[in-house]
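Student: Model the structure of this input:
(one chain, ligands or ions: 5)
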Amino acid sequence: MQRLTLTPLTLLLASCSGPLPRATSRDEQPPAAVMPGPHRGRDEPARLLRNAACVDCHEEAAAQWSASLHRAAFTDADFAAAYAHEPTRFCRGCHAPEAAPERDSPGAAAELGVACVTCHVPQGAALPADGVLAAMTITAGERSPASEAAPHPLVRDPAFTTTAACAACHDFDHPHAPGVPMQSTVREHQRSPAAGDGCGGCHMHDPPRGPVHHGFAASRDHERLRAALEIHALRPEAARILISLRPRAIGHAFPTGDMFRQVLVEATATDEQGQPLAGDQRILGKIYQDRIAGSSRGRILLEDTRLLPGAEAVVELDLSGAEALPVHWRVVYQRIDQEGPGRPARPFGEALLAAGVLPPTQE
Ligand code: HEC
Ligand code: HEC
Ligand code: HEC
Ligand code: HEC
Ligand code: HEC
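Tutor: Ligands and ions are numbered 1, 2, ... in the order given. Here you go, the predicted model:
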């Protein structure tokens, strides 16, 4: 089996010049080729020109990427607001990976965000001149017709369809506190039922297993967010509300990614004039505390109440005082700006995942 899949790869590699990464089997760690990641230190204006050439030839991928958060990683308004409080080279390394991070005003390269070359021509990779890192699309005994049509060498590496292609940016520790995760999507994924699939299986194929898509739609796509969970509400007793949330196919905790994502689970009861009489809520998210009160110099993770992949969570809310009233409940996905000195937390945006009304019980 293994030998059969490697034969056509050897043929392909023979047509390229220069040192080449060794092909690895899917589960071999770490991958032999340099995979995409944050800026690795050199400013290369030539990469901007190369990116423009990718965009010219690959119109469909380019149109999808142009509308994506990867393209907007530095220019997106929500990032810009957070970055204004913390304009560091650490942020630029991932959000403007084509710009030299030491420059305060990173210019045109930053506007490319996570570009074609960021992923397909990783910095530090020993690719042949004009070489492009690509997925193993060839099956045993065949040569990909696309690879013959390509006017540039293709270095196909099975690791490119694994989490390795995303891990260096989507899983990292707090810069001032090694071991304290700032994002842990890959670590969460390793503990999920989807651990055997790459991130792209869900995020790059639309529909799943369909053609490759470079839109990376996630937090801004409310339909996708709603489809991610199965949500039910019950009122077993007059003052007791149970809301169950079961993740469908999510390959990590929910929410994942940025520190300031959360799911709000809420129930309220109002009188006939709409005045609130009773209410209760829970936050499913990462709860942080400032290491030094009132300063943003480091945070401690107090609690992680997010949904775990594959596990149902039941949230219990107490509506004492509203026994005889209908109860309105809702589950909302929220993106929030972090609070800081003199600056309260404020919502960047939210998506309603489910809502309903539970009448008073008949007892
Ligand atoms: C965030 C990383 C990332 C970015 C940015 C990115 N790609 Fe890709 N691209 C990938 C990965 C990973 C695959 C392989 C996906 C698979 O086969 O499941 C891929 C696949 C492709 C393919 C093969 C598609 C197919 O139908 O088999 C082309 C062509 C391509 N990318 C071109 C581009 C171009 C052009 C850009 C910029 C406009 C771009 N990519 C931006 C990661 C990226
Ligand atoms: C002169 C036009 C041209 C330029 C420039 C170009 N490509 Fe291609 N590329 C092609 C053609 C044609 C193919 C083969 C047909 C196909 O897959 O679209 C191809 C194939 C590919 C594939 C392999 C698709 C597969 O079969 O898995 C990837 C990935 C890719 N290109 C990415 C890039 C990236 C990234 C850049 C910029 C660094 C780039 N290309 C620059 C024309 C171009
Ligand atoms: C060079 C760093 C880098 C690499 C490599 C990278 N990403 Fe990203 N990705 C980012 C950044 C930065 C953002 C956030 C952009 C923003 O909103 O400001 C992002 C956003 C996303 C989003 C959208 C999240 C949302 O909230 O909607 C998805 C999905 C995603 N990436 C998946 C992937 C996958 C899958 C891969 C691997 C194939 C990958 N990324 C590789 C840096 C990277
Ligand atoms: C089994 C499918 C699946 C796999 C595998 C998967 N994801 Fe997701 N991911 C989802 C779903 C579903 C959502 C939420 C709905 C949506 O936005 O698509 C999501 C959301 C996200 C978000 C947006 C933040 C949030 O929670 O709203 C990011 C970032 C992300 N995924 C990154 C990754 C990375 C990186 C990997 C690989 C380590 C990965 N995902 C693997 C299904 C998957
Ligand atoms: C190691 C890579 C990395 C570094 C360093 C990094 N980020 Fe990010 N950031 C990401 C990724 C990946 C995402 C996408 C995950 C998601 O959407 O939940 C993201 C998402 C975000 C978002 C949400 C954007 C949106 O549009 O929804 C904000 C805000 C943000 N980062 C701010 C920052 C700031 C400010 C810094 C510097 C203090 C920083 N990031 C440093 C990788 C990084």
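Student: ok, Val132 to Ala159 distance?
Tutor: According to Cβ to Cβ, to the nearest Å, Val132 and Ala159 sit 15 Å apart. No exception for glycine: its C-beta is placed from N, CA and C like everyone else's.
Student: more neighbours, those two?
Tutor: Neighbours were counted for Val132 and for Ala159 using other Cβ atoms under 10 Å; Ala159 has more, 24 against 19.
Student: May I ask you to confirm that the more buried one belongs to a strand?
Tutor: No. Using DSSP: H, G, I helix; E, B strand; the rest coil, the assignment for Ala159 is helix, not a strand.
Student: wait, it sits on Ala33?
Tutor: Yes. Using Cβ atoms under 8 Å, Ala159 is in contact with Ala33, at 6.2 Å.
Student: Would you mind measuring from the residue nearest to Gly107 when sequence neighbours are not counted to Ala81?
Tutor: Of all residues not flanking Gly107 in the chain, Ala99 sits nearest, at 6.6 Å (Cβ to Cβ, 6 or more residues apart in numbering). Ala99 sits 19 Å away from Ala81, going by Cβ to Cβ.
Student: One more: Pro97?
Tutor: 20 Å.
Student: next one: Pro344
Tutor: Pro344 is 13 Å from Ala81, by Cβ to Cβ.
Student: The two: who's more crowded?
Tutor: More crowded of Pro344 and Ala81, by other Cβ under 10 Å: Ala81, with 13 against 7.
Student: Just the C-alphas of the helix or strand that contains that one, formatted as CSV.
Tutor: Here Ala81 sits within helix 77-85, counting by DSSP states H and E. Taking C-alpha atoms only, helix 77-85 is exported to CSV below (Å, rounded to 0.1, in the frame of the first residue of the first chain):
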residue,chain,number,x,y,z
ALA,A,77,-12.1,45.8,12.0
ASP,A,78,-12.3,43.5,15.0
PHE,A,79,-8.6,42.6,14.8
ALA,A,80,-7.8,46.3,14.3
ALA,A,81,-9.6,47.3,17.5
ALA,A,82,-7.8,44.7,19.6
TYR,A,83,-4.5,45.5,17.9
ALA,A,84,-4.9,49.2,18.7
HIS,A,85,-4.5,48.3,22.4
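Student: Which secondary structure elements does that helix sit against?
Tutor: helix 89-95, strand 327-337, strand 346-358 (3 or more Cβ pairs under 8 Å, 6 or more residues apart in numbering; DSSP states H and E).
Student: can you redo the ones you listed as a markdown table with mean pLDDT and distance to Asp258?
Tutor: Conversion of those to a markdown table gives the following (pLDDT from 0 to 100; distance: least, Cβ to Cβ, whole Å):
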| stretch | mean pLDDT | distance to Asp258 |
| --- | --- | --- |
| helix 89-95 | 95 | 11 |
| strand 327-337 | 95 | 7 |
| strand 346-358 | 94 | 10 |
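Student: Tell me which of those sits nearest to ligand 2.
Tutor: Ligand 2 lies closest to helix 89-95 among those, at 19.1 Å (Cβ to the nearest ligand atom).
Student: The one helix or strand Asn51 maps to: what's the following helix or strand?
Tutor: According to DSSP H and E, Asn51 maps onto helix 45-57. Counting by DSSP H and E, the element after helix 45-57 in chain order, helix or strand, is helix 59-66.
Student: end-to-end on stretch 64-83?
Tutor: From its first residue to its last, stretch 64-83 covers 25 Å (Cα to Cα, to the nearest Å).
Student: contacting residues around that stretch?
Tutor: 55, 91-92, 94-97, 99, 106, 110-116, 213-220, 335, 337-338, 348-349 (Cβ atoms under 8 Å, 6 or more residues apart in numbering).
Student: Over to stretch 221-240?
Tutor: 217-219, 241-250, 254, 307, 316-324, 327, 329, 331, 333, 351-354, 356, 358-361, 363.
Student: can you tell me which of the residues you listed are in strands?
Tutor: Counting by DSSP state E, the contacts of stretch 221-240 place 241-247, 316-318, 327, 329, 331, 333, 351-354, 356, 358 in strands.
Student: Select only the buried ones of the contacts of stretch 221-240 in ChimeraX?
Tutor: Burial among the contacts of stretch 221-240 is assessed by 16 or more other Cβ atoms under 10 Å; the matching ChimeraX selection reads:
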select :217,218,219,241,242,243,245,247,250,254,307,317,319,322,323,327,329,331,333,351,353,354,358
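Student: so which of the contacts of stretch 64-83 are also by ligand 1?
Tutor: Contacts with ligand 1 are made by Val55, Val114, Cys116, His214 out of the contacts of stretch 64-83, judged by Cβ under 6 Å from any ligand atom.
Student: can you redo these as CSV with secondary structure and neighbour count?
Tutor: Below are those laid out as CSV (DSSP: H, G, I helix; E, B strand; the rest coil; neighbours: other Cβ atoms under 10 Å):
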residue, secondary structure, neighbour count
Val55, helix, 17
Val114, coil, 24
Cys116, helix, 24
His214, coil, 21
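Student: Lys286 contacts Asp304, doesn't it?
Tutor: Yes. Look at Lys286 against Asp304 with Cβ under 8 Å: they come within range, at 5.2 Å.
Student: Near ligand 1, which residues of the chain are found?
Tutor: So the chain meets ligand 1 at 36, 54-55, 58, 61-62, 65, 70, 114, 116, 118-120, 135, 137, 160-161, 165, 200, 204, 211-212, 214 (Cβ under 6 Å from any ligand atom).
Student: what sits against the closest residue to ligand 4 within the stretch 201-350 of the chain?
Tutor: Closest residue of the stretch 201-350 of the chain to ligand 4, Cβ to the nearest ligand atom: Gly251 (2.3 Å). Applying Cβ under 8 Å, 6+ apart, we find Gly251 in contact with His189, Ser192, Ala194, Ala195, Asp197, Cys199, Gly201, Cys202, Pro309.
Student: Cool, thanks, signing off.
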